[in-house]
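[1] coordinates for the following, if possible.
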Amino acid sequence: MKNAAYYNGTISTIEEIRIPLEDRAVYFGDGVYDVAFCHNGKPFLIDEHFDRFYNSCRLIRIDFPYTREELRNIIGELISRLDDREDVLIYWQASRGTAPRNHPFPKDARANLLVYVKPKKITKLDEPMKLCTVDDIRYEMCNVKTINLIPNILAAQTAVDRGCDEAVQIRRRLFEDDGTEYRDVITEGAHTNISVLKDGVFVTAPLGRFILPGIARKHLIELCRANGIEVLERYITRGELMDADEVLVSSTTTLVRRACEIDGKPVGGRDTELFDRLQRLYIDKLDRDCM
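    Numbers count the residues shown, from 1 in each chain. A predicted model of the protein is given here:
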């Protein structure tokens, strides 16, 4: 098969799968999702994607009925049906169920599971990215990987409209739980995490309700610490972003790339040696884990 999809027990192609109109994903975006990458026929870091997915279900109170092993088997079955299994995108989502439209949780509704897989080549890692900044207009549950992504979609389209590859979201004012106020700070990209290298230090926004806990982000931090590269988890201001030695863009499918431009102004390019080393460490991990 060129691609494969699953919905509540039915397996078909992406083009042929059918979802009921009253699936709450359709009219409320009432669900969560995750995306993983499969290399050489082997899912990469899938257990950590499961951790994030099940946590997202918990945070918005979806009673997901499938065990991890059942979900793993469904994904494995779909991958096995592909003609091309070298590099594969894995997507799955859970909605709160199928029920007549009503805002409160439906009674006795069983969560719906949608999964699909399709070939997806690794992006060109040697090509630097052009970024633009946008106001972060999302709500304060950005740590949940919800399928309700309108602000992210608008940010991503703004990047396209400006001839860029990705948008960097900035909160004009941000209040942490302890009351600490931050101004004009970077949260994340439209669908990536944003980090910087400055004076040999890897700096990235802290985990919390304002950013998604990226799997690639987590492993970049681990690789830094394992290889003697200092890590700081703190908010980065717009000025610090523009003055960084390197600006890094990371995600499951982007892996890790560097930026060369933000809002039409050149950035980075001042510590290519450290960036190249970190990118190589990440690619080596991908190849090693998916042998």
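[2] count of neighbours near residue 172?
    With neighbours defined by other C-beta atoms under 10 Å, the count for residue 172 comes to 12. For the C-beta atoms, the positions are set from N, CA and C on the backbone; glycine is no exception.
[3] helix, strand or coil for it?
    strand (DSSP: H, G, I helix; E, B strand; the rest coil).
[4] these two touch, right, it and residue 184?
    Yes: shown here, residue 172 and residue 184 form a contact pair, counting by C-beta atoms under 8 Å, at 6.2 Å.
[5] quick one, helices of this protein?
    Per DSSP state H, the chain carries helices over the ranges 24-27, 46-59, 68-80, 150-161, 215-226, 238-242, 272-289.
[6] among these, which comes closest to residue 178?
    Checking the helices of the chain against residue 178 by C-beta to C-beta gives helix 46-59 as the closest, at 20.3 Å.
[7] between the closest one and helix 68-80, how many degrees?
    120 degrees (axes from the mean of the first three to the mean of the last three C-alpha atoms, to 10 degrees).
[8] just list the residues touching the nearest residue to residue 103 once chain neighbours are set aside, thanks.
    Residue nearest to residue 103 in three dimensions, not counting chain neighbours: residue 28, with 7.7 Å by C-beta to C-beta, 6 or more residues apart in numbering. Going by C-beta atoms under 8 Å, 6 or more residues apart in numbering, residue 28 touches 96, 101, 103, 148.
[9] and which of these is nearest residue 270?
    Nearest to residue 270, judged by C-beta to C-beta, of the contacts of residue 28 is residue 148 at 38.4 Å.
[10] ok, the residue lying closest to that closest one once chain neighbours are set aside - contacts?
    Excluding the flanking residues, the one nearest residue 148 by C-beta to C-beta, 6+ apart is residue 29, at 3.4 Å. Taking C-beta under 8 Å, 6+ apart, we find residue 29 in contact with 146, 147, 148, 149.
[11] what would the residues you listed look like in TSV with neighbour count, pLDDT and distance to residue 217?
    Below are the contacts of residue 29 laid out as TSV (neighbours: other C-beta atoms under 10 Å; pLDDT from 0 to 100; distance: C-beta to C-beta, whole Å):
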residue	neighbour count	pLDDT	distance to residue 217
146	21	96	18
147	16	96	21
148	17	93	22
149	16	94	18
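[12] same list (those) but as TSV, adding distance to residue 220.
    Shown next, in TSV, are the contacts of residue 29 (distance: C-beta to C-beta, whole Å):
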residue	distance to residue 220
146	24
147	26
148	27
149	23
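[13] nearest to residue 189 among these?
    Taking the contacts of residue 29 together and measuring to residue 189 by C-beta to C-beta, the closest member is residue 149, at 12.7 Å.
[14] tell me how far the closest residue in space to that closest one that isn't next to it in sequence lies from residue 144.
    Leaving aside its sequence neighbours, residue 149 sits nearest to residue 29 (C-beta to C-beta, 6+ apart; 7.6 Å). Separation of residue 29 from residue 144 (C-beta to C-beta, to the nearest Å) stands at 12 Å.
[15] which residues does the closest residue in space to residue 22 that isn't next to it in sequence contact?
    Once flanking residues are discounted, residue 22 sits nearest to residue 98: 5.0 Å by C-beta to C-beta, 6+ apart. Counting by C-beta under 8 Å, 6+ apart, residue 98 touches 20, 22, 23, 24, 109, 112.
[16] okay, those in JSON lines with neighbour count, pLDDT and distance to residue 257 next?
    Below are the contacts of residue 98 laid out as JSON lines (neighbours: other C-beta under 10 Å; pLDDT from 0 to 100; distance: C-beta to C-beta, whole Å):
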{"residue": "20", "neighbour count": "14", "pLDDT": "97", "distance to residue 257": "39"}
{"residue": "22", "neighbour count": "14", "pLDDT": "97", "distance to residue 257": "41"}
{"residue": "23", "neighbour count": "21", "pLDDT": "98", "distance to residue 257": "35"}
{"residue": "24", "neighbour count": "23", "pLDDT": "98", "distance to residue 257": "35"}
{"residue": "109", "neighbour count": "16", "pLDDT": "92", "distance to residue 257": "41"}
{"residue": "112", "neighbour count": "21", "pLDDT": "98", "distance to residue 257": "34"}
